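> model the following, please.
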Amino acid sequence: MVNFIENIESHLSLSQSAIAGAIAGAVTRAIAQPLDVLKIRFQLQLEPIKKGSKYSSTLQAVYSIVKDEGLTALWSGHIPAQLLSVSYGTIQFSTYEILTQICKTADPQFFYTHKHLINFSNGAIAASVATLLSFPFDTVRTRLIAEEKTNKVYRGFTNALSVIIKKEGSSALYKGIVPTLAQIAPHAGIQFFVYKLFTEHVFNRISYFQRGTDVATVVESSVTANLLAGGIAGMVSKTAIYPFDVIKKRLQIQGFQEHRKLFGRQMYCNGTMHCVKLTVSEEGFLALYKGYVPSLLKAVIVSALHFAVYDEIKHFIIRNSNLNK
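Below you'll find the model as predicted:
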């Protein structure tokens, strides 16, 4: 029988949380970018995903992109994507840690009694703040991925940013923000809720998934447990909010359709509900899940790495701080 004791509490400073979040975001983005490119290409395809379409399956899409545009096309928009991930990870995790410490200090009894609800709400708030501040990077990334590589519109990140602002106005950088905020709060809330549930109440009760105990006999979950918990959290949260992500991507390329003619038909819509209506009426309800397979693979990998890398850095900082005391 394994004796369970509450996980070690975090005592990271704001700067330490920010650094850990930034590194976690950069690592996961570098690994998962090709899956993001595949997901976005499928989401923007109006034709049915079947044989004869521009992209008919995940493997066929990889072959088509590499053949037509080169291997590097799988990392299209990588610079703004990295800026997005680093800024998002920095803001999200540092905000989450701050909110958690505030809740814990204000009323410790309420915090431990309602920990799951607090994890959900703090995760949702932290992600919403991070999204608002990092969203322009997401729009630029989507445009760079969406453009025809044989007839480029932008010369890179800074050029894309300046061209979008010059031709469409700075507000164009926030196209799709409404469905994004609608999805990000529950998405992140579910992620943090599921991740904390498995790491603090499931895996660290099982000896195989325990990291071990320190001098205070505090039980912590292992790297393997954190990866599994993160993967499960990513799968559950992505499935729950995926249609919002499809609509967001379609809104982000409004005003850019003339540069995507080689990809097939283009959609012209003037808002979130109009985009939803056109998508369902012209392509069917399942069109809201176009790109789901590569997106789910990405969500599992990114969430697993994001949480695990963050917690490993956090663990390293806390252990070193304790040893130096």
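> which strand or helix spans residue 35?
Following DSSP states H and E, one finds residue 35 within helix 14-43.
> who are the packing partners of the next helix or strand after that helix?
Under the assignment DSSP H and E, the closest C-terminal helix or strand after helix 14-43 is helix 58-69. Using 3 or more Cβ pairs under 8 Å, 6 or more residues apart in numbering; DSSP states H and E, the elements in contact with helix 58-69 are helix 14-43, helix 292-323. For every residue, glycine as well, the C-beta is placed using N, CA and C.
> can you say which of those is nearest to residue 247?
Between residue 247 and the helices and strands packed on helix 58-69, the tightest spacing by Cβ to Cβ is seen for helix 14-43, at 9.0 Å.
> show me the shaky parts of the stretch 1-150 of the chain.
Along the stretch 1-150 of the chain, segments meeting pLDDT under 70 span 1-12.
> ok, now with 50
Scanning the stretch 1-150 of the chain for pLDDT under 50 picks out 1-10.
> check the stretch 201-325 of the chain too.
215-217.
> what about the strands in it?
210-213, 219-221 (DSSP state E, counting those that start in this stretch).
> quick one: work out the angle between the helix holding residue 35 and helix 292-323.
Interaxial angle, helix 14-43 versus helix 292-323 (axes from the mean of the first three to the mean of the last three Cα atoms, to 10 degrees): 170 degrees.
> buried residues in helix 14-43?
Buried residues in helix 14-43, counted by 16 or more other Cβ atoms under 10 Å: 16-29, 32-43.
> sorry, back to before: and of the helices and strands packed on helix 58-69, who's closest to residue 86?
Going by Cβ to Cβ, the one of the helices and strands packed on helix 58-69 nearest residue 86 is helix 14-43, 4.8 Å.
> helices of the stretch 101-250 of the chain, start to end?
108-113, 115-146, 157-168, 177-201, 223-252 (DSSP state H, counting those that start in this stretch).
> any chance of those helices in TSV, plus distance to residue 268 and mean neighbour count?
As requested, those are exported to TSV (distance: least, Cβ to Cβ, whole Å; neighbours: other Cβ atoms under 10 Å):
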stretch	distance to residue 268	mean neighbour count
helix 108-113	49	11
helix 115-146	15	22
helix 157-168	15	15
helix 177-201	17	22
helix 223-252	10	22
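> in JSON lines, list the ones you listed along with distance to residue 277.
JSON lines is the format used below for these (distance: least, Cβ to Cβ, whole Å):
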{"stretch": "helix 108-113", "distance to residue 277": "43"}
{"stretch": "helix 115-146", "distance to residue 277": "21"}
{"stretch": "helix 157-168", "distance to residue 277": "23"}
{"stretch": "helix 177-201", "distance to residue 277": "13"}
{"stretch": "helix 223-252", "distance to residue 277": "10"}
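> distance of the nearest residue to residue 95 once chain neighbours are set aside from residue 111?
Leaving aside its sequence neighbours, residue 95 sits nearest to residue 126 (Cβ to Cβ, 6 or more residues apart in numbering; 3.9 Å). The gap separating residue 126 from residue 111 is 16 Å, by Cβ to Cβ, to the nearest Å.
> endpoints of stretch 250-261, how far apart?
15 Å (Cα to Cα, to the nearest Å).
> and for that stretch, what's in contact with it?
43-44, 138-139, 142-143, 146-148, 151, 153, 168, 172, 175-176, 179, 266-272, 275, 279 (Cβ atoms under 8 Å, 6 or more residues apart in numbering).
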